[in-house]
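1. Task: produce atomic coordinates for the following.
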Amino acid sequence: MIPAPAATAPTSAANPSTPTLDPAHRAPWYRNPWLWAAVIALLTLPALRPLLRRVPPPPPRLAQLPAFTLLDQQGRRFGSSALRGHVYVASFFFTRCPSVCPKLMQALHRLQQQYDRYAVDVRLVSISVDPEHDRPERLRAYAARYGADASRWTFLTGTEQAIRSLVGTGFQTHMGQPVPEGSGLIDIAHSAGLVLVDQQGWIRGRYGTDLDGLEEVLHRSMHVLLEDRR
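-> The predicted structure follows:
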């Protein structure tokens, strides 16, 4: 007589070596440590982000500007004493300039909008290198053409001697002689860049007027402002 084969043990939950998951005994969701770790991370990371952000040091002091007094577009005396305590961006132009000055003014208008957008207290100061022609009334019309906000953007003129001294000795940049170009136009060689000046009249940097230059002077002027508040 052939013996009957032994019965195979079932592989189901009936096997006592396999733990069973009874839904009635599962831990509630609020006791899941991974869930709480994720919640804490989401809440704390935004608060830590400002502490982890790297802010570059403010630009170095390059040269001290001398005291100066010129005339603004309203014909009032305006100079270093009025600017003391303010960060400002200086530029050089003349109203008869047919080449670089219109682009320079458009760039300064964009910079003015950026300062307004971020509520940054930085002034703009544009100095005419054609002071005998650019009297205050011409500066007013020129300022209006480029949408200058008089509370932020000042246009300056004065005697030629005072302008040449300030541009050459103070800002250490070039100012050429007027060169007739026909049709009543003249050319005067001058810097088409921007100069960042701090609250004590120190030059802190020189920048271009392309998009990269405007972005850099915007951020560097903020660094100079923050430096004064530390």
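2. Averaging pLDDT per element, find the lowest-scoring helix or strand in the protein.
-> Least confident helix or strand of the chain, by mean pLDDT, DSSP states H and E, is helix 33-52 with a mean of 72.
3. Next secondary structure after that helix?
-> Sequence-wise, the next helix or strand downstream of helix 33-52 (DSSP states H and E) is strand 63-64.
4. Quick one: list the elements packing against that next one.
-> In terms of contacts (3 or more Cβ pairs under 8 Å, 6 or more residues apart in numbering; DSSP states H and E), strand 63-64 is packed against strand 202-207. Bear in mind the C-beta positions are built from the backbone N, C-alpha and C, glycine included.
5. Quick check: residue 158 vs residue 79, distance?
-> Using Cβ to Cβ, to the nearest Å, residue 158 is found at 9 Å from residue 79.
6. Compare these two (neighbour count), which wins?
-> Per other Cβ atoms under 10 Å, whichever of residue 158 and residue 79 has more neighbours is residue 158, with 22 against 18.
7. residues in contact with the more buried one?
-> With contact set as Cβ atoms under 8 Å, 6 or more residues apart in numbering, residue 158 has these partners: 69, 70, 71, 131.
8. List buried residues within those.
-> Buried subset of these (neighbour count, 16 or more other Cβ atoms under 10 Å): 70, 71, 131.
9. helix, strand or coil for the last one?
-> With DSSP: H, G, I helix; E, B strand; the rest coil as the basis, residue 131 sits in coil.
10. And it, its phi and psi?
-> phi -70, psi -30 (degrees, to the nearest 10).
11. Quick check, it in contact with residue 165.
-> No - look at residue 131 against residue 165 with Cβ atoms under 8 Å: they stay out of range, at 11.7 Å.
12. Residue 97: neighbour count?
-> With other Cβ under 10 Å as criterion, residue 97 counts 22.
13. How about the contacts made by it?
-> Residue 97 touches 130, 187, 188, counting by Cβ under 8 Å, 6+ apart.
14. Quick check: the gap between residue 187 and residue 180.
-> 8 Å.
15. so where's this protein uncertain?
-> Counting by pLDDT under 70, the chain contains low-confidence ranges at 1-26, 45-56, 230.
16. any chance you could map the strands in it?
-> Using DSSP state E, the strands found in the chain span residues 63-64, 69-72, 77-79, 87-93, 122-128, 153-157, 179-182, 185-187, 194-197, 202-207.
17. Nearest to residue 140, out of these?
-> strand 153-157 (7.9 Å; Cβ to Cβ).
18. Looking at residue 187 and residue 180, which one has more neighbours?
-> Using other Cβ under 10 Å as the criterion, residue 187 and residue 180 rank with residue 187 on top: 17 against 9.
19. Which positions are bridged to the more buried one in the beta structure?
-> Beta-bridge partners for residue 187, by DSSP bridges, are residue 179.
20. List the contacts of it.
-> So residue 187 contacts 97, 99, 176, 178, 179, 181 (Cβ under 8 Å, 6+ apart).
21. hmm, try it at 10 Å
-> By Cβ atoms under 10 Å, 6 or more residues apart in numbering, residue 187 lies in contact with 94, 96, 97, 98, 99, 100, 176, 177, 178, 179, 180, 181.
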